[in-house]
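# Provide a 3D model corresponding to the input given below.
(3 chains)
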Amino acid sequence: MDAQLQPITMPKWGMTMTEGRLSAWLVKEGERIATGQEIMEVETEKITNVVEGHVSGLLRRIVVEEGATAPVGALLAVVAETSVPDSEVDAFVAGYAERAGAAGDDADAYPTPRVVEAGPHQLNVLSIGDGDATPVVLIHGFGGDGGTWLFTQDALAKDRPVHVLDLPAHGGSAPTVPSGKLDELAEAVVAALDALGIARAHLVGHSLGGAVALSVAASAPDRVASLGLLAPAGLGGEISSDYIDGFLAADRRKPMKEVLSRLFADPDAMSAEMVENVLRFKRLDGVPEALGAIARNLASGGRQAIDLRDALAATQAPVLAVWGEKDRVIPAAQADGLPANIKVERVADAGHMPMMEAAAAVNRMLAAHLAGADR
Amino acid sequence: MTGMQLSREKLLEAYRMMRTIRVFEDRVSAEMASGDIPGNTHLYAGQEASAVGVCMNLVQSDNIASTHRGHGHCIAKGCDVHGMMAEIFGKDTGICRGKGGSMHIADLSKGMLGANGIVGGGPPLACGAAMTAQVLGRDDVAVVFSGDGAINQGTTAESMNLAQVWKLPVIFAVEDNGFGEATASSFVVAGEIVKRADALGMAFAKVDGVDFFAVHDAAAEAVARARRGEGPTLLHIETPRYYGHFSGDPDNYRTAEEKAAMRRDRDCLTTFRRRVGEAKLLAESDLDAVDAEVQAVIDSAVKAARAAPQPPLDSLTTDVYVRYP
Amino acid sequence: MPQKSFRQALNEALHHEMGRDPTVIVLGEDIAGGAGASGQQDAWGGAFGVTKGLLGAFGPLRVRDTPISESAFVGAAAGAAVTGLRPVAEIMFVDFLGVCFDQIFNQAAKFRYMFGGKAVTPFVLRATYGAGTRSASQHSQALYPIFTHVPGLKVVIPSSPYDAKGLLIQAIRDNDPVIFLENKLLYDTVGEVPDGAYAIPFGEANVLREGGDATIIAFGRMVHFAQEATAILAAEGIDCTVVDPRTTSPLDEDTILETAEETGRVVIVDEANPRCGMAADISSIIAENAFGALKAPIMKVTAPHTPVPYAPNLEAAYLPDAKRIAEAVRKTMAYRK
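I've put the predicted structure just below:
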């Protein structure tokens, strides 16, 4: 590939994305862009996200206009200095589709999830990345699934294997939660580590998944290389029971949309598809009962029923805690007063889903945390 | 057990039911004349031995399907007389809360699947109730009462075939009162009714519907056959219809002489009294006591129905669905 | 997520529900096929193969091949429902309901009301509907407006394999009589369907696409044509919302009105004949409740008021298609700039 001409292409987030809508350019033709700068907004059927540039230089040509939809991998813009003649830019644009086609169909090569037998559980696992570095296991929150890590898994998998795990009764995992207690979920994660042949992993958990990760660190400290806790449960009293009760009660589109919007600082980031996917999950036989059992053990009357602050203080593993300042489910104030050895990051314009709302920033925080923990 | 072998209590029960039907129907006829009953009624008087003769062989978990002329079947299957009278008056205390009226009296808890406004509506429903028993492995049976008019409906022919090929525990009790509305059955029914069953290989019997004991014994055999899993039976029950097709029908298609002779010669109640008297099974005084008790019950039912409130207006839109949406 | 056909999705729903509830039975003409004959048993598994395999799994007492007697077996299903079973009766073509209207309209639909709320009638009647198979006037109709008209019935028209499975499971678990209509040209369509059982609530529209310019409301196979039309229109810069109400009774009036108000332009696509059809019904609901939000007259794209013809060119002209839908949307866009 011509080093003087650099493509900006439609990203692929997760397994099912085949195309995206370029909802906005945040830079103009003729402007200089830098790596890490927010350059465009892309809307998928699941969510809208800001994309940061992975190249720097002069944005020479915008190929796909705002509002248009393009397949994954399609050329959206060209970065090239003025020294490159227009004719070469034209030829690059004209030839790009052909070259991309010749590179093979990436969609078919994308890994597919598998079900692993983890003790009494059948857990859905999607593994991406390889190498000898300590692997990461990503654990979603209450009512969520592996889709939580749409923008996270690929980014972290550049350096190491990254396993996205659906908790029991979530996503593609069977509803096997007789008690719904936190210990049961933590045991399921340890059983999954065994099944995947992982001796020691970095655990990154969101919300309930954070509490699960912390619980694993307490019960099986030798299995945990580090903890990344995103808006974790278990570290303070307050939690939105309205959210949990509303989530349990909602069986139709409109109430579910209202409930899920409380997860985000900007509810417009959420798509109809996300609402539909959650409804589809909740309709499965056994799921409402399992979620109810988990919820009863998690919180009641606006107070968390689990307190893992002692476990956090006792853990020897490096810990990163990340909170969105606008979190309406578990308030960011719970980040205050955590033990001094915990690294705390706050994300200004994010709610309860910082890894989706500020994906690039959170990915950088996690990458730095993992690199530090590896040393 | 034949009818003549029934216990004293059972015989009194049978007589009480027949007498209740007669008094109920005569009273409804009188009340219709007063103008206080809002809808129409089709009266069963004269046919009592049919309903009671059949239903004396049933238990509560057995089901029956009925017709527009259904009051007798309802009483014979155990429906509450007060609730029935209130229903006919269109009151909130009615057995269907005033939403069904005379032609839709039903009490599923008693195995009464409903009177039915559609001639030929009942036979498929009875097949369904019999299918329930068959699938769930119960020995319940289903009886469909229908008239000679319904024998010409496609649903009856289809249901008889279905019951026979599936060996369903169904009894097709065809009450032939000689008239489909105002037309004589001799004018519209081809051939012999029992031969329609015979053509399907179905068991059948023809009985005198004025004789409780004849009906009882034929039905006992049919019910036993059905409970044994040996399939359906057709009973052709010849029975008199004392009133016209509906209350207010001038009944001018029968001569006065014919109607007088019918009431004189073909009365199941007097026939019953004669048979039990001759066999010394019950005393006149026992039966007279029942008559007095029945009269009191019907008086009370009418009084209560007249005094009962109308259904509340908001009940107009309830009970359409169990849950909607 | 596994990909399955519409037919397979329905078959799975029946397997799930018969497996979990011994009172669920299926009955109909040739739902197994081959009974009493010398050859293969379960020869057909239904005229369209939807009930294939049920006979082997659940036996002839619960999987019942019937005589060609719709009045008898549909009425028997109603009688069984009211005495403790959950029957699923299959009628090959909805057109054949002409011979068993009484059992549906006067019996099953009315029990609960006329018996004062005491009856529970968990009765499902599955039937195929729809034109496009060169089957002419007695095997092609879209009669759902007639059922929708009758209080006491619920009416379901799935458009995708996912919906087909979840709506049929809901229909079987539902305690009211349900008419479940399957467009025969959707049987081989494929989509994501979970392996597990799930129920989609009735009266909950599916919003397949959200756009700001116009709202297209469509049922069954017409949903696919509406989606095709949105692709044509998107290329012209017209961005449409697509609403599939999924059930005509109950009807999700809230979603219909909300999306109509959002765009102010509405096109309703209905494979049924136009008089007293769903398009007319929904038009009246919008006109009555969202008149102020309308920027253009409501447009209906329906079959003409004729029986379904046989000749391919006539049948093609009979059915709504993506082109006609797109044209109707353009008209609403051009009405008032």
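
# enumerate the positions of the helix ranked longest in chain B that are buried.
Assignment by DSSP state H gives helix B:8-34 as the longest helix of chain B. Of all the residues in helix B:8-34, those buried under the rule 16 or more other C-beta atoms under 10 Å in any protein chain shown are B:11-12, B:14-25, B:27-29, B:31-32. Every residue, glycine included, has its C-beta placed from N, CA and C.

# next secondary structure element downstream of it?
For helix B:8-34, the following helix or strand on the C-terminal side (DSSP states H and E) is helix B:48-55.

# now for that following helix, which elements pack on it?
On a contact count with 3 or more C-beta pairs under 8 Å, 6 or more residues apart in numbering or on different chains; DSSP states H and E, helix B:48-55 meets helix B:8-34, helix B:71-76, strand B:142-147, strand B:170-176, helix B:212-227, helix B:268-278.

# which elements pack onto the longest helix of chain B?
Counting contacts by 3+ C-beta pairs under 8 Å, 6+ apart, helix B:8-34 packs against helix B:48-55, helix B:71-76, helix B:81-88, helix B:212-227, helix B:268-278, helix B:284-307.

# run the last query once more with 6 Å
Helix B:8-34 is packed against helix B:48-55, helix B:71-76, helix B:284-307, with contacts defined by 3 or more C-beta pairs under 6 Å, 6 or more residues apart in numbering or on different chains; DSSP states H and E.

# rewinding a little: can you redo the helices and strands packed on helix B:48-55 as TSV with distance to A:H170?
As requested, these are exported to TSV (distance: least, C-beta to C-beta, whole Å):
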stretch	distance to A:H170
helix B:8-34	62
helix B:71-76	55
strand B:142-147	49
strand B:170-176	51
helix B:212-227	52
helix B:268-278	70
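
# dump those to a markdown table, plus mean pLDDT and distance to C:E253.
Formatted as a markdown table, these follow (pLDDT from 0 to 100; distance: least, C-beta to C-beta, whole Å):
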| stretch | mean pLDDT | distance to C:E253 |
| --- | --- | --- |
| helix B:8-34 | 97 | 44 |
| helix B:71-76 | 98 | 40 |
| strand B:142-147 | 98 | 41 |
| strand B:170-176 | 98 | 43 |
| helix B:212-227 | 98 | 49 |
| helix B:268-278 | 97 | 56 |
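
# looking at these, spot the one closest to B:Q164.
Closest to B:Q164 of these is strand B:170-176 (C-beta to C-beta; 9.2 Å).

# quick one: is the closest one near chain C?
No: Strand B:170-176 does not reach chain C (C-beta under 6 Å from any C-beta of the partner chain); its nearest approach is 9.9 Å.

# direction included, what does that strand pair against?
Paired strands of strand B:170-176, with direction, are strand B:142-147 (parallel), strand B:233-238 (parallel) (DSSP bridges).

# element containing A:E345?
Using DSSP H and E, A:E345 falls in strand A:342-347.

# can you give the strand pairings for that strand, parallel or anti for each?
Counting by DSSP bridges, strand A:342-347 is paired with strand A:319-324 (parallel).

# before we move on, the earlier item: quick one: which of the helices and strands packed on helix B:8-34 is nearest B:H216?
Closest among the helices and strands packed on helix B:8-34, using C-beta to C-beta: helix B:48-55, at 4.3 Å.

# what angle do that closest one and helix B:212-227 make?
30 degrees (axes from the mean of the first three to the mean of the last three C-alpha atoms, to 10 degrees).

# pull the residues that contact helix B:48-55.
Under the criterion C-beta atoms under 6 Å, 6 or more residues apart in numbering or on different chains, residues B:14, B:17-18, B:21-22, B:72-73, B:76-77, B:143, B:173, B:175, B:209, B:212, B:215-216, B:219, B:237, B:239, B:268 lie in contact with helix B:48-55.

# hmm, back to that, nearest to A:G302 among the helices and strands packed on helix B:8-34 would be which one?
Nearest of the helices and strands packed on helix B:8-34 (C-beta to C-beta): helix B:284-307, 54.4 Å.

# need the per-residue pLDDT for residue 135.
Unless you meant another one, I'm taking chain A. Per-residue pLDDT puts A:P135 at 97.

# that answer is for a different chain, and I need it for chain C
With respect to pLDDT, C:S135 scores 92.

# what about stretch B:221-231, distance to the chain center?
Remark: stretch B:221-231 is offset 20 Å from the chain centroid, using C-alpha atoms, centre = their mean, to the nearest Å.

# hmm, who's touching that stretch?
Outside stretch B:221-231, the residues within contact range by C-beta under 6 Å, 6+ apart are B:N57, B:D139, B:V141, B:K167, B:P169, B:I171, B:T233.

# related to what we said a few turns ago, kindly format the C-alpha coordinates of the strand holding A:E345 as CSV.
This file holds the C-alpha atoms of strand A:342-347, laid out as CSV (Å, rounded to 0.1, in the frame of the first residue of the first chain):
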residue,chain,number,x,y,z
ILE,A,342,-6.9,1.8,43.2
LYS,A,343,-6.5,3.9,40.1
VAL,A,344,-9.7,5.8,39.5
GLU,A,345,-10.6,7.3,36.1
ARG,A,346,-13.7,9.5,35.5
VAL,A,347,-15.2,10.0,32.1
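
# show me what contacts A:A220?
So A:A220 contacts A:V190 (C-beta under 6 Å, 6+ apart).

# next one: the one 4 residues further on
For A:V224, the residues meeting the contact criterion (C-beta under 6 Å, 6+ apart) are A:L203, A:A217, A:A317.

# again, but for B:E238
With C-beta under 6 Å, 6+ apart, B:E238 has these contacts: B:D176, B:G209.

# could you rerun that using 8 Å?
B:D176, B:G178, B:K206, B:V207, B:D208, B:G209, B:V210 (C-beta atoms under 8 Å, 6 or more residues apart in numbering or on different chains).

# verify the stated contact: the third one with B:T233.
No: assessed by C-beta atoms under 8 Å, B:K206 is found out of contact with B:T233, at 11.6 Å.

# going along the chain, name the helices of the chain.
No chain was given, so I picked chain A. Taking DSSP H, the helices of chain A run over residues A:86-102, A:106-109, A:153-156, A:182-196, A:208-219, A:241-249, A:253-261, A:272-283, A:287-298, A:309-314, A:354-357, A:359-374.

# sorry, should have said chain C
Under DSSP H, chain C gives helices at C:6-20, C:54-58, C:70-81, C:101, C:111-114, C:144-148, C:161-173, C:221-234, C:253-263, C:278-289, C:312-318, C:322-335.
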